[in-house]
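*Asks:* Provided below for reference: sequence and predicted model.
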Amino acid sequence: MTDFSFSTAGRIIFGAGAAGGVAAKAAQLGGCAMLVTGSQPERNAALAEDLKRAGVAVHGFTIDREPDIDGVAKGAEEARRRQCDLVIGIGGGSVLDSAKAIAALIPNRRPIIDYLEVIGRAMPLEHPPAPCIAIPTTSGTGSEVTRNAVIRSPRHRVKVSLRHPEMLPDLAVVDPALTLTLPPETTAATGFDALAQLLETFVSIKANPLTDGLCREGLVRCARALKTAFHHGADLAARTEMAIASLFSGLALANAGLGAVHGIAGPLGGMVDAPHGAVCACLLPAVAAANIKALEAADRPGSYLLRYQEAARLLTGDSEASPRDGVEWLRSAARELQIPALSHWGLTEADVAELAGHALRASSMKGNPVALAKASLTAIIAQALKGVV
């Protein structure tokens with residue numbers, strides 16, 4: 001493939017301590033900010049004070065779980081009532097997705113369901129979103145540079161996207177120092193999310209030369225830093241590597257799509273209350289194995305099997321590694337990082353067929369390098385239900 005386009009956040013600032021300069025830049029984008037945070041907003045009191053000193057009024061909005069339709073609609077309504085002209089999200093992927101969705105809905109006042117994919121009308125936004133600044137505190141989702149927000153619908157038992165080209169944040173500030181206090185289980189889940197995004201984008205049918213470079217670099221950094229960050233959380237060098245890998249995963253997926261891991265993880269997130277990254281981590285080895293098996297059985301396996309081979313060599317550091325060696329590296333890493341089985345989060349055997357049916361219709365499936373039938377998806381989910389072995 002040689003024809004492609006590439007879009008990302010208006011500006012990206014990366015580096016330890018970079019978050020300290022946000023207030024001055026925020027003052028250039030708006031005068032009244034909704035500050036979207038996680039369940040402990042006091043952690044961001046210093047940022048709030050910096051904003052006020054810079055002349056930006058601040059109204060807080062907390063997200064204590066993954067965003068859902070009612071929560072996002074409530075945030076947008078409150079932002080309008082407070083006359084916020086800027087949204088700042090500081091937190092994990094759920095917080096950043098909430099911030100992007102709220103910024104999109106401030107000037108777009110139709111019911112949110114009208115804009116949602118799969119369960120709604122997938123209508124385009126009529127007006128550009130309010131300015132948005134995204135500051136990740138985890139290294140995993142890359143949401144600071146993606147053009148969609150993943151939103152849960154409890155009524156439909158699925159997660160779906162609010163998506164528009166103009167939902168890319170105006171400013172992404174990636175400060176690895178903000179991730180130093182992440183607990184090991186969050187480091188593992190978010191780090192595996194970045195890893196899944198890099199691998200899925202690398203083998204996506206929509207991959208292009210620019211996303212290839214990001215994925216190759218990101219896979220190498222994940223391979224050498226993820227386990228260190230898990231075991232030694234205060235290691236700034238490892239945290240910096242993972243922050244770069246996460247950023248690269250977001251840049252890549254926003255321009256080349258994903259695959260079956262996220263095709264399953266999306267609807268699964270609407271069925272059980274589980275961290276997205278932990279779900280991706282449990283699914284990734286099984287999906288990679290199923291894709292490789294299907295590609296090996298094809299009459300003309302083509303370049304995708306070679307991409308799995310290259311990924312295996314990047315992950316293992318072994319120039320002779322096979323695609324199946326890459327799968328074993330993923331399994332070994334998941335075991336070392338103590339990734340739980342899907343059953344740990346409440347998924348049961350009775351849910352498997354329903355989940356496989358939802359996954360078949362997921363938008364991420366369109367990028368998978370091989371078409372997986374419902375039977376294959378059922379087998380993948382059943383395997384992940386028992387954990388990584």
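*Replies:* Noted; the coordinates are in hand. Numbering: from 1, shown residues only.
*Asks:* which sections of the protein are below the confidence cut-off?
*Replies:* Under the criterion pLDDT under 70, the flagged ranges of the chain are 1-2.
*Asks:* residue contacts, the most centrally placed residue in it?
*Replies:* Closest residue to the average C-alpha location of the chain: residue 141 at 2.8 Å, with Cα atoms, centre = their mean. Residue 141 makes contact with 92, 93, 96, 97, 190, 193, 194, 246, 250, 276, 277 under the criterion Cβ atoms under 8 Å, 6 or more residues apart in numbering. Using the backbone N, CA and C atoms, a C-beta is placed for each residue, glycine as well.
*Asks:* Relative to residue 107, how far out is the last one?
*Replies:* Right, residue 277. Distance from residue 277 to residue 107, counting by Cβ to Cβ, to the nearest Å: 32 Å.
*Asks:* With the fourth one instead?
*Replies:* Here the criterion is Cβ to Cβ. By it, residue 97 lies 18 Å from residue 107.
*Asks:* Equivalent analysis for the third one, please.
*Replies:* Applying Cβ to Cβ, one obtains 19 Å for the distance of residue 96 from residue 107.
*Asks:* which element is the closest residue to residue 323 other than its chain neighbours on?
*Replies:* Once flanking residues are discounted, residue 323 sits nearest to residue 308: 3.8 Å by Cβ to Cβ, 6 or more residues apart in numbering. Counting by DSSP states H and E, the element that carries residue 308 is helix 302-316.
*Asks:* ranges for the strands of this structure?
*Replies:* Ranges of strands within the chain are 12-14, 32-37, 57-62, 86-91, 132-136, 148-153, 158-163, 171-174, based on DSSP state E.
*Asks:* Adding mean neighbour count, write those strands out as JSON lines.
*Replies:* What follows is those, written out as JSON lines (neighbours: other Cβ atoms under 10 Å):
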{"stretch": "strand 12-14", "mean neighbour count": "16"}
{"stretch": "strand 32-37", "mean neighbour count": "26"}
{"stretch": "strand 57-62", "mean neighbour count": "18"}
{"stretch": "strand 86-91", "mean neighbour count": "29"}
{"stretch": "strand 132-136", "mean neighbour count": "29"}
{"stretch": "strand 148-153", "mean neighbour count": "24"}
{"stretch": "strand 158-163", "mean neighbour count": "24"}
{"stretch": "strand 171-174", "mean neighbour count": "25"}
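*Asks:* can you put the ones you listed in a markdown table and add distance to residue 6?
*Replies:* Shown next, in a markdown table, are the strands of the chain (distance: least, Cβ to Cβ, whole Å):
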| stretch | distance to residue 6 |
| --- | --- |
| strand 12-14 | 13 |
| strand 32-37 | 27 |
| strand 57-62 | 32 |
| strand 86-91 | 23 |
| strand 132-136 | 18 |
| strand 148-153 | 16 |
| strand 158-163 | 17 |
| strand 171-174 | 15 |
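*Asks:* of all those, which lies closest to residue 364?
*Replies:* Closest approach to residue 364 among the strands of the chain (Cβ to Cβ): strand 158-163, 9.5 Å.
*Asks:* Hmm, residue 102 is touching residue 79, no?
*Replies:* Yes - with contacts counted by Cβ atoms under 8 Å, residue 102 reaches residue 79, the gap being 5.7 Å.
*Asks:* Looking at those two now, which is surrounded by more residues?
*Replies:* The neighbour comparison of residue 102 against residue 79 (other Cβ atoms under 10 Å) goes to residue 102, with 31 against 24.
*Asks:* okay, now the nearest residue to that one once chain neighbours are set aside: neighbour count?
*Replies:* With sequence-adjacent residues excluded and distances taken as Cβ to Cβ, 6+ apart, residue 102 is closest to residue 75, at 4.3 Å. Number of residues near residue 75 (other Cβ under 10 Å) recorded here: 25.
*Asks:* For residue 75, give its distance to residue 52.
*Replies:* Distance of residue 75 to residue 52, given as Cβ to Cβ: 20 Å.
*Asks:* try residue 121
*Replies:* Note on residue 121: its distance to residue 52, by Cβ to Cβ, is 40 Å.
*Asks:* for residue 323, same thing?
*Replies:* Counting by Cβ to Cβ, the gap from residue 323 to residue 52 is 54 Å.
*Asks:* higher neighbour count, the two?
*Replies:* Legend: neighbour count by other Cβ under 10 Å for residue 323 and residue 52, higher for residue 323 (23 against 13).
*Asks:* which residues touch that one?
*Replies:* Residue 323 makes contact with 288, 292, 305, 308, 309, 311, 312, according to Cβ under 8 Å, 6+ apart.
*Asks:* what do you get for residue 295?
*Replies:* 301, 302, 304, 305, 308, 369, 370.
*Asks:* When you filter these down to buried only, what's left?
*Replies:* Buried by 16 or more other Cβ atoms under 10 Å: 301, 304, 305, 308, 369, 370, out of these.
*Asks:* which two of those residues lie the greatest distance from each other?
*Replies:* The span of these, defined through Cβ to Cβ, is set by 308 and 370 at 10.7 Å.
*Asks:* Identify the contacts common to these two.
*Replies:* 291, 295.
*Asks:* Other residues contacting stretch 97-109?
*Replies:* Stretch 97-109 has contacts (Cβ under 8 Å, 6+ apart) with 34, 36, 61, 63, 67, 71-73, 75-76, 79-80, 84, 87-89, 112, 115, 125-132, 134, 141, 143, 148-151, 162, 164, 167, 169.
*Asks:* Great, nothing more from me.
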